[in-house]
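**Q** Give me the fold of what follows.
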Amino acid sequence: MNMEGLWYKECSQGRRFIIKITPGENLTTRLLQFAHLADVRYAMIVSALGSVKNVKLRGIKTGAKLPITAPRVTIHEIEGPLELLGLQGNIVPGEDDLLDCHFHIMMSKSSGEVVGGHLYDAQVFATCEIVLTELSVEGVERHVSKMGGIPTLYIDEGGA
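**A** Alright, predicted model coming up:
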(Lines give C-alpha, C1' and ligand atoms only; values in the text may rest on other atoms or scores of the structure.)
Protein backbone atom coordinates (compact mmCIF):
# COMPACT_ATOMS: atom_id res chain seq x y z
CA MET A 1 0.00 0.00 0.00
CA ASN A 2 1.09 3.53 -0.58
CA MET A 3 0.24 6.88 0.95
CA GLU A 4 2.22 9.97 0.10
CA GLY A 5 5.63 9.51 1.71
CA LEU A 6 4.76 6.11 3.19
CA TRP A 7 4.86 2.59 1.74
CA TYR A 8 3.81 -0.48 3.68
CA LYS A 9 2.84 -4.10 3.36
CA GLU A 10 1.37 -6.34 6.02
CA CYS A 11 3.50 -9.27 7.12
CA SER A 12 3.26 -11.95 9.78
CA GLN A 13 5.82 -13.71 11.90
CA GLY A 14 6.94 -17.16 10.89
CA ARG A 15 9.50 -19.42 12.53
CA ARG A 16 11.71 -18.11 15.33
CA PHE A 17 15.32 -19.11 15.80
CA ILE A 18 17.84 -18.86 18.61
CA ILE A 19 21.28 -18.55 17.03
CA LYS A 20 24.69 -18.73 18.68
CA ILE A 21 27.72 -17.56 16.73
CA THR A 22 31.10 -18.63 18.09
CA PRO A 23 34.32 -16.63 18.59
CA GLY A 24 36.17 -15.49 15.49
CA GLU A 25 33.19 -15.85 13.14
CA ASN A 26 31.98 -12.97 10.97
CA LEU A 27 28.61 -11.78 12.26
CA THR A 28 26.94 -10.68 9.02
CA THR A 29 28.35 -13.53 6.93
CA ARG A 30 27.15 -16.14 9.42
CA LEU A 31 23.66 -14.63 9.67
CA LEU A 32 23.28 -14.62 5.88
CA GLN A 33 24.63 -18.18 5.69
CA PHE A 34 22.14 -19.27 8.34
CA ALA A 35 19.24 -17.62 6.49
CA HIS A 36 20.23 -19.38 3.29
CA LEU A 37 20.62 -22.74 5.07
CA ALA A 38 17.26 -22.45 6.86
CA ASP A 39 15.53 -21.15 3.70
CA VAL A 40 14.65 -17.85 5.38
CA ARG A 41 14.08 -15.14 2.76
CA TYR A 42 12.67 -12.41 5.02
CA ALA A 43 13.67 -11.92 8.65
CA MET A 44 14.26 -9.41 11.40
CA ILE A 45 16.51 -9.48 14.42
CA VAL A 46 14.50 -9.51 17.64
CA SER A 47 17.46 -9.38 20.04
CA ALA A 48 21.21 -9.80 20.03
CA LEU A 49 23.88 -9.67 22.69
CA GLY A 50 27.42 -10.79 23.23
CA SER A 51 30.74 -9.24 22.31
CA VAL A 52 32.48 -8.25 19.08
CA LYS A 53 35.84 -7.07 17.77
CA ASN A 54 37.26 -5.71 14.51
CA VAL A 55 34.07 -3.78 13.83
CA LYS A 56 33.61 -1.69 10.69
CA LEU A 57 30.63 0.66 10.69
CA ARG A 58 29.41 3.82 9.04
CA GLY A 59 28.06 7.07 10.39
CA ILE A 60 26.49 9.88 8.37
CA LYS A 61 28.41 13.16 8.71
CA THR A 62 26.72 16.09 10.42
CA GLY A 63 25.06 18.35 7.84
CA ALA A 64 25.17 15.71 5.08
CA LYS A 65 22.65 16.04 2.27
CA LEU A 66 21.03 13.38 0.10
CA PRO A 67 22.02 11.26 -1.67
CA ILE A 68 24.29 9.56 0.83
CA THR A 69 27.64 9.15 -0.93
CA ALA A 70 31.15 8.26 0.26
CA PRO A 71 32.17 11.89 1.04
CA ARG A 72 29.05 12.26 3.24
CA VAL A 73 29.83 9.36 5.57
CA THR A 74 32.53 8.47 8.05
CA ILE A 75 33.83 4.91 8.20
CA HIS A 76 34.86 3.77 11.68
CA GLU A 77 37.03 0.75 12.39
CA ILE A 78 37.12 -0.29 16.04
CA GLU A 79 39.44 -3.05 17.21
CA GLY A 80 37.68 -3.82 20.49
CA PRO A 81 36.69 -6.07 22.07
CA LEU A 82 33.36 -4.37 22.75
CA GLU A 83 30.15 -5.41 24.48
CA LEU A 84 27.35 -5.93 21.97
CA LEU A 85 24.43 -3.94 23.40
CA GLY A 86 22.14 -4.24 20.42
CA LEU A 87 21.85 -5.30 16.83
CA GLN A 88 18.78 -4.58 14.79
CA GLY A 89 17.89 -4.94 11.19
CA ASN A 90 16.43 -7.13 8.52
CA ILE A 91 17.23 -9.66 5.83
CA VAL A 92 15.40 -9.44 2.49
CA PRO A 93 16.14 -10.39 -1.11
CA GLY A 94 18.20 -7.83 -2.99
CA GLU A 95 19.74 -7.59 -6.44
CA ASP A 96 19.53 -10.83 -8.44
CA ASP A 97 17.29 -12.27 -5.68
CA LEU A 98 20.32 -12.79 -3.39
CA LEU A 99 19.74 -12.28 0.33
CA ASP A 100 20.83 -8.89 1.62
CA CYS A 101 21.07 -7.57 5.17
CA HIS A 102 20.69 -4.12 6.67
CA PHE A 103 21.99 -4.06 10.24
CA HIS A 104 22.68 -1.31 12.76
CA ILE A 105 24.85 -2.07 15.77
CA MET A 106 25.26 -0.53 19.22
CA MET A 107 28.28 -1.40 21.38
CA SER A 108 30.09 -0.19 24.49
CA LYS A 109 33.81 0.32 24.92
CA SER A 110 35.61 -0.62 28.15
CA SER A 111 35.25 3.06 29.19
CA GLY A 112 31.46 2.74 29.01
CA GLU A 113 31.26 4.96 25.93
CA VAL A 114 28.53 3.75 23.57
CA VAL A 115 29.15 3.73 19.83
CA GLY A 116 27.15 2.49 16.90
CA GLY A 117 26.01 2.90 13.35
CA HIS A 118 25.37 1.05 10.11
CA LEU A 119 27.22 -2.27 10.38
CA TYR A 120 29.49 -3.39 7.57
CA ASP A 121 31.44 -6.09 9.38
CA ALA A 122 32.22 -7.46 12.85
CA GLN A 123 33.90 -10.51 14.28
CA VAL A 124 32.41 -12.31 17.27
CA PHE A 125 34.69 -12.01 20.31
CA ALA A 126 33.38 -14.36 23.05
CA THR A 127 29.88 -15.18 21.84
CA CYS A 128 26.92 -13.73 19.99
CA GLU A 129 23.40 -14.84 20.87
CA ILE A 130 20.64 -13.79 18.52
CA VAL A 131 16.89 -14.27 18.31
CA LEU A 132 15.77 -14.03 14.69
CA THR A 133 12.20 -14.20 13.47
CA GLU A 134 11.17 -15.10 9.96
CA LEU A 135 8.68 -12.80 8.24
CA SER A 136 5.97 -14.05 5.91
CA VAL A 137 5.68 -11.46 3.14
CA GLU A 138 6.17 -11.22 -0.61
CA GLY A 139 6.98 -8.31 -2.89
CA VAL A 140 9.61 -6.66 -0.70
CA GLU A 141 13.17 -6.29 -2.00
CA ARG A 142 16.20 -4.10 -1.41
CA HIS A 143 17.43 -1.83 -4.21
CA VAL A 144 19.60 1.29 -4.34
CA SER A 145 17.46 4.40 -3.96
CA LYS A 146 18.32 7.21 -6.38
CA MET A 147 17.10 9.79 -3.88
CA GLY A 148 18.78 8.31 -0.80
CA GLY A 149 21.85 6.92 -2.54
CA ILE A 150 21.79 3.76 -0.44
CA PRO A 151 20.13 0.34 -0.68
CA THR A 152 16.61 0.60 0.72
CA LEU A 153 13.39 -1.39 0.75
CA TYR A 154 11.24 -1.47 -2.38
CA ILE A 155 7.66 -2.48 -1.63
CA ASP A 156 5.62 -3.78 -4.56
CA GLU A 157 2.01 -2.58 -4.45
CA GLY A 158 0.70 -5.70 -6.17
CA GLY A 159 0.47 -9.26 -4.93
CA ALA A 160 0.11 -10.55 -1.40
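**Q** and stretch 61-71, which residues are buried?
**A** I68 (16 or more other Cβ atoms under 10 Å). All C-beta atoms are positioned from the backbone trio N, CA, C, and that covers glycine.
**Q** now do stretch 83-103
**A** Buried residues in stretch 83-103 (16+ other Cβ under 10 Å): 83-84, 87-92, 94, 99-103.
**Q** ok, now stretch 28-47?
**A** In stretch 28-47, counting by 16+ other Cβ under 10 Å, buried: 28, 30-32, 34-35, 40-45.
**Q** For those residues, which two are the farthest from each other?
**A** Farthest-apart pair in the buried residues of stretch 28-47 is R30 and Y42; separation 18.1 Å (Cβ to Cβ).
**Q** one step back: so among the buried residues of stretch 83-103, where is pLDDT lowest?
**A** Minimum pLDDT across the buried residues of stretch 83-103 is recorded for G94, with 91.
**Q** How about that one: what's its closest non-neighbour residue?
**A** D100 (3.2 Å; Cβ to Cβ, 6 or more residues apart in numbering).
**Q** Give me the most central residue, this protein.
**A** F103 (1.7 Å; Cα atoms, centre = their mean).
**Q** That one pairs with what?
**A** Taking DSSP bridges as the rule, F103 bridges to G89.
**Q** Could you do the one 4 residues further on as well?
**A** Beta-bridge pairing for M107 (DSSP bridges): L84, V115.
**Q** Surely it is in contact with V55?
**A** Yes - if you go by Cβ atoms under 8 Å, M107 and V55 touch, sitting 6.8 Å apart.
**Q** residues shared between the contacts of those two?
**A** 78, 80, 82 (Cβ atoms under 8 Å, 6 or more residues apart in numbering).
**Q** Does the second one belong to a helix, a strand or coil?
**A** So that's G80. Secondary structure for G80, judged by DSSP: H, G, I helix; E, B strand; the rest coil, is coil.
**Q** neighbours of it, just the number please.
**A** Other residues near G80 come to 17 when the count uses other Cβ atoms under 10 Å.
**Q** Contact partners for it?
**A** 51-55, 107, 109, 125.
**Q** of those residues, buried ones?
**A** The neighbour count (16+ other Cβ under 10 Å) marks 51-55, 107, 125 as buried among the contacts of G80.
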